[in-house]
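Student: Return atomic coordinates for the entry below.
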Amino acid sequence: MADWHVYSKKRHFVYLLGDPRTMQVRYVGCTTNVAERFRGHLKGQSARKVKAWVAELVSLGLKPSMRVIQECGRWWSGRASEQKWIAHFWERDPSVLLNSHNNAITREVVAEMRAKQQVRRQRIHDRRVLRRSLRTILVGTRCPSKSHRGKGGPPRYFEFAGELLNMSQWARRCGVSKERIRQRLLKYPPEKAIGDYLS
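Tutor: The predicted structure is shown next:
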């Protein structure tokens, strides 16, 4: 499990294998180590069709040409790009390409990409809602100078029980985390959110 976790975080490269006799693209692949994968192809560490084609070239004293066409991030990004290029060359001439154009894999990868993007968008949305809510709660609180204001956000300093402190200072005074103070301010007015700890 740990090995797969490390593998999924590595940079991935989409590459092409070409036939030196016809200059046509015969195979599209994805790897984290281009040189090692090329040696693997020459040693026969490939799918049956690719292995037979490479063996034919080697018997003639030739080697397939290898070219990286795209550098990607994690595994799902590399897999999606690989399927995109397979579809691209498949449309040109399916009889030449040795890959199988697997639409099921493409749909699976795209679904995973969209799920990750949705999680990312939800986190951004939650942060925006939190900022908006805090701005509403803290609106009108006394802030003696512009230097006490956060850029584009609610006042960092607000007054309670005659003391003017920022969010972090109130958290230390109450003996809780800053996030805890934020969460309580979303539920209760400052008198209750902070007063419960100081009473």
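Student: which residue ranges form the helices in this structure?
Tutor: Counting by DSSP state H, the chain has helices at residues 2-9, 34-42, 48-59, 75-92, 103-138, 167-174, 178-187, 190-198.
Student: which of those has the lowest average pLDDT?
Tutor: When the helices of the chain are compared on mean pLDDT, helix 2-9 scores lowest, with a mean of 46.
Student: the domain parsing of this structure - what is it?
Tutor: Dividing the chain into domains by automatic domain parsing, as the record does, gives the ranges 2-101, 138-198.
Student: Compile these into TSV and extend it with columns for distance to Gln117.
Tutor: In short, each C-beta sits where N, CA and C put it, glycine included. Putting those into TSV (distance: least, CB to CB, whole Å) gives the following:
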stretch	distance to Gln117
domain 2-101	11
domain 138-198	25
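Student: on that earlier part again, nearest to Ile69 among the helices of the chain would be which one?
Tutor: Distances from Ile69 to each of these were compared using CB to CB; the shortest belongs to helix 75-92, at 6.6 Å.
Student: circling back: which of the helices of the chain sits most buried?
Tutor: Neighbour counts (mean count of other CB atoms under 10 Å) averaged over each of those peak at helix 75-92, with a mean of 18.
Student: so how far is Asp19 from Ala111?
Tutor: When distances are taken as CB to CB, to the nearest Å, Ala111 and Asp19 turn out to be 34 Å apart.
Student: Need phi/psi at Pro20.
Tutor: Per-residue torsions, Pro20: phi -70, psi -20 (degrees, to the nearest 10).
Student: ok, it - how many residues close by?
Tutor: Neighbourhood size, Pro20 [other CB atoms under 10 Å]: 12.
Student: wait, it sits on Gly61?
Tutor: No. Here Pro20 lies out of contact with Gly61, judged by CB atoms under 8 Å, at a distance of 10.4 Å.
Student: burial measure for Val14, as a count.
Tutor: Taking other CB under 10 Å as the neighbour definition, Val14 ends up with a count of 23.
Student: Next, the contact list for the residue nearest to it when sequence neighbours are not counted, please.
Tutor: For Val14, ignoring the flanking residues on the chain, the nearest one in space by CB to CB, 6 or more residues apart in numbering is Gln70 at 4.3 Å. Residues counted as contacts of Gln70 (CB atoms under 8 Å, 6 or more residues apart in numbering) are 13-14, 81, 85.
Student: Ok, Leu17 next?
Tutor: The neighbours of Leu17, taking CB under 8 Å, 6+ apart as the test, are 25-29, 41, 50, 64-66.
Student: Just the buried residues out of those residues, in PyMOL syntax.
Tutor: Filtering those down to the buried ones (16 or more other CB atoms under 10 Å) takes a single PyMOL command:
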select buried, resi 25+26+27+28+29+41+50+64+66
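Student: so which of the contacts of Leu17 comes closest to Arg180?
Tutor: When these are compared for distance to Arg180, the smallest value, 50.1 Å, is given by Gly29; criterion: CB to CB.
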